[in-house]
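In: Got a predicted model here, sequence first, then my questions.
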Amino acid sequence: MTIQQDIPQTASKAQLIRQTLVAFVVALVVLLVVVLPVEFQRDPTGLGAALGLTGLTQADAAEPLAAKEANAPLTNSSITSSATSAGGEHWQTDSQLQSDQLTLTLPPRKGLEVKAMMHEGQRFIYQWQAEGGELDFDMHGEEPLAVEDFTSFWEAKGYASAQGSFTAPFEGSHGWYWYNPGTEAVTLTLKIQGFYQGVYLP
């Protein structure tokens, strides 16, 4: 009789241990994938960004700042505001403030690319304007030594202008590819200011 009573107790203890381990694993996954990206802006697995969870708690606070940056002239003061207040977060860097303006011509059915070398976490504000027609574009980035592997941040068609701010999610080159789908040449003017290691045309 004692043996018959011990067997169910042993099985129940093993089952309890398994259930505890499963619960621990599930809680750990929720912590890493959901809680850290949403509440603390930390995404160790990268799944939070893939699921669109990063920055949710700061979305409302960041929208007024993003609108202010997008409409502000490219001056030192606009950079200072973006670097000192973003949902209560303070950001600073030892890098020198950079400022560039490029005027380029896109012939019909031709494209061109402009990139800025950036360290992870560096940021800039930008404004570009097309005269003579609308452009298709892809704002993207690629890590050092990447050949064809790149990350697209914003892809759109039929734009005559765009402006905003950008923070590099990884070290590498970040910028735009514009394409002129029209039959007339288009003049493109790009203004960019912030923290990066120079602008170039690949």
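Out: That came through fine.
In: Pass me the low-pLDDT residue ranges in the protein, would you?
Out: 1-11, 31, 33-41, 47-90, 147 (pLDDT under 70).
In: Helices of that one, start to end?
Out: In the chain, the helices defined using DSSP state H lie at 2-30, 36-40, 47-50, 59-71, 76-84.
In: got the domain boundaries for this structure?
Out: 2-50, 92-200 (automatic domain parsing).
In: could these go into CSV alongside mean neighbour count?
Out: C-beta here means a position set from N, CA and C on the backbone, and glycine is covered the same way. Shown next, in CSV, are the domains of the chain (neighbours: other C-beta atoms under 10 Å):
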stretch, mean neighbour count
domain 2-50, 12
domain 92-200, 16
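In: residue contacts, the closest residue to residue 170 other than its chain neighbours?
Out: Of all residues not flanking residue 170 in the chain, residue 120 sits nearest, at 5.3 Å (C-beta to C-beta, 6 or more residues apart in numbering). Residues in contact with residue 120 (C-beta atoms under 8 Å, 6 or more residues apart in numbering) are 168, 169, 170, 171.
In: Quick check on residue 120: phi, psi?
Out: Main-chain dihedrals, residue 120, degrees, to the nearest 10: phi -60, psi 130.
In: and the gap between it and residue 145?
Out: 15 Å (C-beta to C-beta, to the nearest Å).
In: now swap in residue 128 and tell me
Out: Going from residue 128 to residue 145 by C-beta to C-beta gives 28 Å.
In: Same check on residue 161?
Out: Applying C-beta to C-beta, the value for residue 161 to residue 145 is 33 Å.
In: can you check residue 29 too?
Out: From residue 29 over to residue 145 (counting by C-beta to C-beta), the distance is 32 Å.
In: Could you do residue 44 as well?
Out: From residue 44 to residue 145 the distance is 24 Å (C-beta to C-beta).
In: Skipping adjacent residues, who's closest to residue 196 in space?
Out: Residue nearest to residue 196 in three dimensions, not counting chain neighbours: residue 116, with 4.2 Å by C-beta to C-beta, 6+ apart.
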